[in-house]
Structures are given as structure tokens and as C-alpha cells.
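Student: from the sequence below, what's the structure:
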Amino acid sequence: MDDGRRINLNRKLKKNIWRSVVHVFIFYFLLFLNIFGAAVEAQMPEYQVKAELIVRVPNNEKITWPKNSWLQDTDKAFIIGVIDGNPFENYLNMLTYPSVNRKTLGKITKVKYIKNVEEIADCNLLFITDNIKKDKLQKILEFTSQKPILTFCDNDEFTQKGVICTFTYEPFKSNVIVEINEVAARKAGFKLSDIFYKESMFRNVNPWDEFKDKATTIFGILNFIEWPSSIRITESSVPFNVTFLDNNNLLSALQTQFKKEKFYGKKIKFRTISKVEDIGDTNLLYISASKKNELPQILNYLRNKPILVISEIENAGYLGVHINFFYDGIGYRLEINFNAAAENGIKIKQQLMQIPGSRQVFSKK
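Tutor: This is a model prediction of the structure:
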């Protein structure tokens with residue numbers, strides 16, 4: 001075979017190979033389009049998926065509902081509220097028709113479409129639509145934040161403001177991720193098992209932290225305390241002194257919480273001491289659990305001193321600590337001894353009892 005014929009054969013071979021490659025590419029491309037189109041057609045509509053989750057999630061055995069959630073009353077239905085609109089069309093209604101006999105936590109399930117914040121009181125679960133206005137959202141969250149109402153939305157910004165569950169939709173998978181604000185959940189009295197977050201459907205976007213919880217509570221407590229006028233608590237030139245009796249991991253959380261904050265315009269100073277005799281000029285004393293065995297002597301030394309005393313020692317409120325943290329399995333609550341504080345010239349306002357789980361205690365004689 002001469003060189004000319006060999007070159008022509010090579011050209012034809014290459015052309016045939018390229019033609020075959022193009023045909024194969026077109027075949028698989030068309031196949032992909034068919035599969036993709038079928039998948040899109042087979043998708044469940046977004047709000048059908050969300051409606052299904054709204055009626056399923058409350059039944060998850062890994063969620064412990066608050067004891068004061070009206071669920072003990074078997075005659076009452078489980079009410080799902082949807083405020084300001086209905087993005088679910090008829091999907092939510094279909095799932096809760098009486099003929100379906102759908103039960104939530106053993107109770108008949110009903111859907112209620114509402115417009116006014118006052119109507120939320122009857123709800124066990126509330127879906128907040130994107131139509132909500134900022135001022136109305138704030139009122140809703142103020143109402144629900146410390147009540148046993150499981151809140152849902154599909155707006156990430158609402159999660160940051162305090163909604164418990166937020167839907168994130170993945171359209172090509174017909175998949176919904178439920179993002180959980182654990183801090184908001186615990187504040188409302190819900191406890192979610194650690195196993196709950198291991199399920200692929202759920203994602204914890206705001207984990208609860210013991211020390212952040214206490215730090216936030218302490219910062220809030222200060223709004224309900226009045227010191228004697230002799231302390232000059234309102235004078236900005238005098239710092240507000242917080243003292244820890246013995247080392248405590250809470251100190252760094254408090255320093256972070258108070259970093260950019262002021263109290264009555266005053267700078268806040270922190271320090272740690274190992275013995276109560278070194279207390280010096282202090283406005284708030286936090287007694288660490290390590291001082292449990294010394295507590296009676298410490299309180300005796302602090303008698304008649306205008307210092308707010310807070311601790312984390314079991315039943316310390318009964319011994320004379322003014323405000324004591326205790327853990328109830330969901331979060332840290334407060335024991336408040338108004339009389340012991342008054343004996344030191346400190347007035348604790350009664351409104352502090354409105355913090356969920358708080359209880360008033362008296363010193364044991």
C-alpha cells in the first residue's frame with residue numbers, strides 16, 4: 001500500500017471514530033434529559049413535603065414536650081397554627097382531614113389559619129410564613145419564646161431571631177432539612193435527644209451551651225436587681241465589680257457576654273478570688289460549686305453586705321444564696337430567695353419569677 005492510500009485510510013478512520021464519539025455523546029445526553037425530566041416530574045411539591053414533616057416531627061420520640069403543654073388534656077386537639085397566609089395550599093388540610101384520622105401525640109390533629117398574635121395561645125405548633133412583618137414577628141416570638149409552642153418557618157433570618165425549626169429545601173432531591181435552634185427549643189421547654197441530631201434530616205444550627213446559658217441569664221437578671229443607694233450603682237464613674245469565688249469556666253463566657261456591654265453606663269470588671277475574705281469592693285459574687293462545703297461560713301461572712309450572691313450549688317437557695325442555678329434536665333433554672341437578698345439590702349423584683357422554671361425558696365432555720 002502506497003503512502004497516499006495509507007493517509008486516506010487514516011483520515012477516514014479518524015473521521016469514523018469522531019462520528020461514533022459524537023453519536024455516543026448525543027445518546028447519553030438525551031438519556032440524561034429523559035431521566036432528569038422524569039425526576040423533575042416525579043418530585044413532590046415543596047410544601048407537600050413540608051406539610052408532611054409538620055405533622056410528623058411532633059411525633060418524633062426523641063422530642064420531649066414540656067409538662068405544661070396542655071397535651072395531658074386528651075379532649076383537646078393538637079392544634080397546628082399557620083399565621084399570615086397559607087403556602088401549603090390544600091396539602092396540610094388533606095393530611096389532617098377527620099377521615100384520615102391523623103393523630104399527633106395521641107390527639108386529633110387540627111389546622112388553624114390565623115392572623116392575630118392573640119390566636120396563637122391555642123396552638124401547639126405554629127408555622128410562621130414569609131409574609132409576616134418584622135414588628136409582628138417580634139411580638140410572636142415574645143409570645144412563644146417561653147411557651148410550649150413548637151415554632152416552624154422557612155426563613156433563615158427567623159431562626160436567628162428565635163424560631164425553633166427552619167425548613168431548608170433541596171429542590172432536585174425533593175428533600176427538606178430541618179435546622180434546629182436548640183437554644184430557642186430549650187428556652188420554650190423542649191428537650192431534644194442527642195440522637196435526634198444524628199438523623200440526616202435534622203441539623204443543629206444553634207447548639208445549647210451550659211456556660212452561655214448561664215451568662216445570658218445573669219446578664220438578664222441584673223435588670224431585676226436594685227442595690228442600696230449608698231452603693232452608687234448608677235454612677236458611671238464607678239465600675240460594676242463581678243467577683244468569682246474560685247475558678248469557674250463561666251467566667252470566660254461572662255466576659256464574652258459583657259465584652260461590649262455596660263451596666264448603668266458603667267464598665268464591668270471581673271476577678272477571681274480563692275477566699276471570701278479577699279472580696280473587697282464587689283457588687284456581684286458568684287460562688288463556684290467547689291466551695292460547697294464552705295458555703296455556710298461564706299454566707300455568714302457576707303451577712304449584711306450589699307452584695308448580690310449567685311451560685312450553682314444544689315439547694316443553696318435554702319441556705320441563703322440570693323439566686324441559685326439548678327438544672328431541670330432541659331436548662332438552668334433559678335431558685336430565688338427574696339428574703340435573704342433583702343437582708344443584705346438587695347431588692348429582687350418579683351418579675352424575675354416570670355422566667356420559666358423559676359421558683360421562690362426560703363432559708364431553712
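Student: model confidence for residue 32, exactly?
Tutor: Predicted confidence (pLDDT) for residue 32: 46.
Student: ok, now the one 3 residues further on?
Tutor: Listed pLDDT for residue 35 reads 43.
Student: and if you look at the one 4 residues further on?
Tutor: Predicted confidence (pLDDT) for residue 39: 40.
Student: same deal with residue 148?
Tutor: Taking residue 148 on its own, its pLDDT is 88.
Student: quick check: it touching residue 65?
Tutor: Yes: using C-beta atoms under 8 Å, residue 148 makes contact with residue 65 at a distance of 6.5 Å. Using the backbone N, CA and C atoms, a C-beta is placed for each residue, glycine as well.
Student: so residue 247, which of the three states?
Tutor: The three-state assignment at residue 247 reads coil, by DSSP: H, G, I helix; E, B strand; the rest coil.
Student: how much space between it and residue 199?
Tutor: 38 Å (C-beta to C-beta, to the nearest Å).
Student: mutual contacts of residue 148 and residue 65, please.
Tutor: 189, 190 (C-beta atoms under 8 Å, 6 or more residues apart in numbering).
Student: what ranges does the stretch 51-200 of the chain have for its helices?
Tutor: In the stretch 51-200 of the chain, the segments counted as helices under DSSP state H, counting those that start in this stretch are 91-95, 134-144, 156-161, 182-187.
Student: remind me which residues of the stretch 101-250 of the chain are low pLDDT?
Tutor: Within the stretch 101-250 of the chain, the ranges that satisfy pLDDT under 70 run 171-174.
Student: quick one, domains of this structure?
Tutor: According to automatic domain parsing, the chain comprises the domains 1-42, 46-208, 211-360.
Student: which non-adjacent residue is nearest residue 79?
Tutor: Spatial nearest neighbour of residue 79, chain neighbours left out: residue 123 (4.8 Å); criterion: C-beta to C-beta, 6 or more residues apart in numbering.
Student: in a markdown table, list the helices of the stretch 51-200 of the chain along with distance to residue 84 and mean neighbour count.
Tutor: Converted to a markdown table, those look like this (distance: least, C-beta to C-beta, whole Å; neighbours: other C-beta atoms under 10 Å):
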| stretch | distance to residue 84 | mean neighbour count |
| --- | --- | --- |
| helix 91-95 | 15 | 18 |
| helix 134-144 | 7 | 16 |
| helix 156-161 | 12 | 16 |
| helix 182-187 | 20 | 20 |
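Student: now for these, which one comes closest to residue 223?
Tutor: When those are compared by C-beta to C-beta, helix 134-144 sits nearest residue 223, at 15.4 Å.
Student: show me what the closest one is in contact with.
Tutor: Residues contacting helix 134-144 (C-beta under 8 Å, 6+ apart): 83-84, 117, 120-121, 126, 128, 132, 151, 158, 161-163, 188.
Student: please, a ChimeraX command that selects the buried ones among the residues you listed?
Tutor: A single ChimeraX command selects the buried members of the contacts of helix 134-144 (16 or more other C-beta atoms under 10 Å):
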select :83,84,120,126,128,132,151,158,161,162,163,188
